[in-house]
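In: Build me a structure from this.
(one chain, ligands or ions: 2)
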Amino acid sequence: MSDLYNVLRPTELNEVIGQDAVVTSLRILHDSGRLPHLFLFTGNSGVGKTTLARIIGNQLLCVKPANLLEIDAASNSKVDDVRALMAQVKKRGLVKGQKKMVIIDECHRLSPSAWDALLKDTEQPPEHLYIALCTTDYAKVPKTIKTRATDYHLKELSTDDLIDLGEFANNHLNADLNEKTLIRLARKAEGSARNMLTLVSKASTASCKDELADLLEDGMAPKAEFIKPMRYLCTATNVSFKGAMALIVPLIQEGNTPESIRLASINYAAKMLRNSKTYSSDAKAGQLLTLIDCFSTAMVGVDGEALLYKAIADFAYSLE
Ligand SMILES: Nc1ncnc2c1ncn2[C@@H]1O[C@H](COP(=O)(O)OP(=O)(O)OP(=O)(O)O)[C@@H](O)[C@H]1O
Ligand SMILES: [Mg+2]
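Out: Ligands and ions are numbered 1, 2, ... in the order given. You can find the predicted model right below:
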């Protein structure tokens, strides 16, 4: 529990950063007494899904701690797990007006029969019961659930928001990370508040300048499996759509997000541009600038994957 990101987890809507549209919508629904009974929070890791689900339970619905249950579907994916959970929360056993809430994290890991069991209870949830489903993988949520749930997609946090969060954490820790360091950590955090807080925590305890430099440098280096695709996009002399897709699609299939691939690509290109040898040929620099141009729009949300493939096509065809 002592991880910095747990200590600094927002407990009220006004502490949540970078999710203004969702926060406003929740506020309006709550104030008008129309909060839905089934929520679906989607988005990348560490952007606030579990945090917002807990805020709904604690702050908006004032659910007593004993009546707020949270399960991780990664380790409770079976139909019996869901049945037992729902049996427990469907029983009212409450003083009038009191509520119960269930948060199911990583819900995409539920088995098909577990989804079926849940479906029955989401069709017409009892008046006292609220359910929040959280997932990084919207595509794996059955359509039948999606049509019943009120859907909230949480965005990756912007670099500016992450810098603000870093400053807040820096003050909390009484650390002395300077602005330049916070900016670099924010870029490395790739849109995730949890990553940012973990990085700030590590950086604040770095025992020397070299250790801090290593931490920052890692952030600029792409993951090992990204290197071949990045090198292809940035340096191949005959980049084709087919060739690029053959390298990028496996990254998606392994669970990398379109946005992380986009950021790795433009950071790799920027790193190469920083290297003066790149300017030995205008064609080389031109390829990198075209890549940065085609990959300049965020690839988040349900259409992130489509935006990535479109950018690859634009890039490949503009090099022809
Ligand atoms: N929007 C946000 N504003 C402020 N802090 C945030 C936000 N989102 C996440 N955090 C910080 O990151 C931590 C992890 O957030 P949370 O558990 O809500 O992520 P998640 O989206 O559920 O991720 P996962 O998919 O990995 O479960 C929180 O404890 C909090 O400190
Ligand atoms: Mg979560």
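
In: Kindly give the local confidence score, pLDDT, for the nearest residue to residue 117 once chain neighbours are set aside.
Out: Nearest residue to residue 117 in three dimensions, chain neighbours excluded: residue 82, at 4.5 Å (CB to CB, 6 or more residues apart in numbering). For every residue, glycine as well, the C-beta is placed using N, CA and C. Note on residue 82: pLDDT of 89.

In: cool, and residue 287?
Out: Value for residue 287, per-residue pLDDT: 93.

In: one step back: so who does the residue nearest to residue 117 touch?
Out: 76, 110, 114, 117, 118 (CB atoms under 8 Å, 6 or more residues apart in numbering).

In: same question, residue 149
Out: Residue 149 sits next to 36, 38, 39, 40, 122, 133 when contact means CB under 8 Å, 6+ apart.

In: picking up where we left off before, what about the residue nearest to residue 117, distance to residue 151?
Out: Distance, residue 82 to residue 151, by CB to CB, to the nearest Å: 20 Å.

In: burial count for residue 134?
Out: With neighbours defined by other CB atoms under 10 Å, the count for residue 134 comes to 26.

In: Quick one: the strands in the stretch 101-250 of the chain, in order.
Out: 129-135, 150-153 (DSSP state E, counting those that start in this stretch).

In: out of these, nearest to ligand 1?
Out: With respect to ligand 1, and counting by CB to the nearest ligand atom, the nearest of the strands of the stretch 101-250 of the chain is strand 129-135 at 5.6 Å.

In: Quick one: residues contacting residue 299.
Out: For residue 299, the contact set (CB under 8 Å, 6+ apart) comprises 257, 258, 259, 261, 262, 305, 307, 308, 311.

In: Out of those residues, name the ones that lie in helices.
Out: Of the contacts of residue 299, the ones assigned to helices by DSSP state H are 258, 259, 261, 262, 305, 307, 308, 311.

In: pLDDT and neighbour count added to these, as CSV?
Out: Shown next, in CSV, are the ones in helices among the contacts of residue 299 (pLDDT from 0 to 100; neighbours: other CB atoms under 10 Å):
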residue, pLDDT, neighbour count
258, 91, 22
259, 88, 20
261, 93, 24
262, 93, 22
305, 94, 16
307, 96, 18
308, 97, 23
311, 97, 22
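
In: which one among those residues gets closest to ligand 1?
Out: Among these, and counting by CB to the nearest ligand atom, the member closest to ligand 1 is residue 259, at 14.0 Å.

In: If I look at residue 284, what pLDDT would I see?
Out: Residue-level pLDDT assigned to residue 284 equals 82.

In: returning to what we had before: now, of the strands of the stretch 101-250 of the chain, which is deepest in the fold?
Out: strand 129-135 (a mean of 24; mean count of other CB atoms under 10 Å).

In: Mind listing the strands that one pairs with, and their directions?
Out: Strand 129-135 pairs in its sheet with strand 38-42 (parallel), strand 100-105 (parallel), by DSSP bridges.

In: Of all those, which one is nearest ligand 1?
Out: Shortest separation from ligand 1 across those is recorded for strand 100-105, at 5.8 Å, computed as CB to the nearest ligand atom.

In: May I have the residues that are in contact with the residue in the chain that ligand 2 sits nearest to?
Out: Using CB to the ion, residue 50 is the residue of the chain that sits closest to ligand 2, at 3.2 Å. Contact analysis of residue 50 by CB under 8 Å, 6+ apart lists 41, 70, 103, 105, 134.

In: just for the stretch 51-200 of the chain, where's the confidence low?
Out: Low-confidence segments of the stretch 51-200 of the chain (pLDDT under 70): 93-94.

In: Flag every residue of the stretch 1-150 of the chain that's near ligand 2.
Out: Within reach of ligand 2 by CB under 5 Å from the ion, the stretch 1-150 of the chain has these residues: 49, 50, 105.
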